[in-house]
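Trainee: fold the following.
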Amino acid sequence: MKHRRPKTLSVVGLILVVFVAWVIWQWVNASTGPGPYDAFAQCLKEKETVFYGAFWCPHCQVQKEMFGKSARYLPYVECSLPNGNGQTPVCEQKGIKGYPTWEFADGSRLAGEVKLQTLSERTGCPLPEGT
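Mentor: Numbering: from 1, shown residues only. Model (predicted):
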């Protein structure tokens, strides 16, 4: 009787390699493809809207998650120093007191998590259809 173990292990190994390659491809494709709010986030920047936040701020993370992978296009300014103890000079000069803070072209501000609909109304940037 012949042993089939080496051939079975080769097939299992090949399936595993294909599966891992597929997972990596899915991850790369999902993180680099267009997001549903790309144009909206880019419009905010064109309208001179600025999102001030801090890497350690949970509300800032929620705000970014509202944009999904389109968050990469947000007009974001990091206000925290790398050690989390203090504020960058640009945010000090702007008088940013809390995070997130949205500043609009007319100098007005909204603090806290802001709904996308509110950002659209304040800037004139259209949201994608169906949102």
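
Trainee: can I assume residue 116 is in contact with residue 40?
Mentor: Yes. Under the criterion of CB atoms under 8 Å, residue 116 makes contact with residue 40 at 7.3 Å. For every residue, glycine as well, the C-beta is placed using N, CA and C.

Trainee: more crowded one of the two?
Mentor: When neighbours are counted by other CB atoms under 10 Å, residue 40 comes out ahead of the other of residue 116 and residue 40, with 22 against 18.

Trainee: if we can go back for a sec, shared neighbours of residue 116 and residue 40, anything?
Mentor: Both residue 116 and residue 40 are contacted by 67, 127, under the criterion CB atoms under 8 Å, 6 or more residues apart in numbering.

Trainee: which residues of this structure fall in helices?
Mentor: Under the criterion DSSP state H, the chain contains helices at 5-32, 38-46, 58-66, 89-94, 116-123.

Trainee: weakest of these in terms of mean pLDDT?
Mentor: Mean pLDDT values for the helices of the chain show the minimum at helix 5-32, a mean of 58.

Trainee: domains of this protein?
Mentor: 1-33, 38-123 (automatic domain parsing).

Trainee: Throw those domains into a markdown table and include distance to residue 129, thanks.
Mentor: A markdown table is the format used below for the domains of the chain (distance: least, CB to CB, whole Å):
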| stretch | distance to residue 129 |
| --- | --- |
| domain 1-33 | 19 |
| domain 38-123 | 11 |
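
Trainee: winner for burial among those?
Mentor: domain 38-123 (a mean of 16; mean count of other CB atoms under 10 Å).

Trainee: residues near the residue nearest to residue 117 when sequence neighbours are not counted, how many?
Mentor: Nearest residue to residue 117 in three dimensions, chain neighbours excluded: residue 127, at 6.9 Å (CB to CB, 6 or more residues apart in numbering). Residues lying near residue 127 (other CB under 10 Å) number 16.

Trainee: and the residue nearest the centre of the chain, what does it touch?
Mentor: Nearest to the mean C-alpha position of the chain, by CA atoms, centre = their mean, lies residue 71 at 3.1 Å. Listed by CB under 8 Å, 6+ apart, the contact set of residue 71 reads 35, 41, 64-65.
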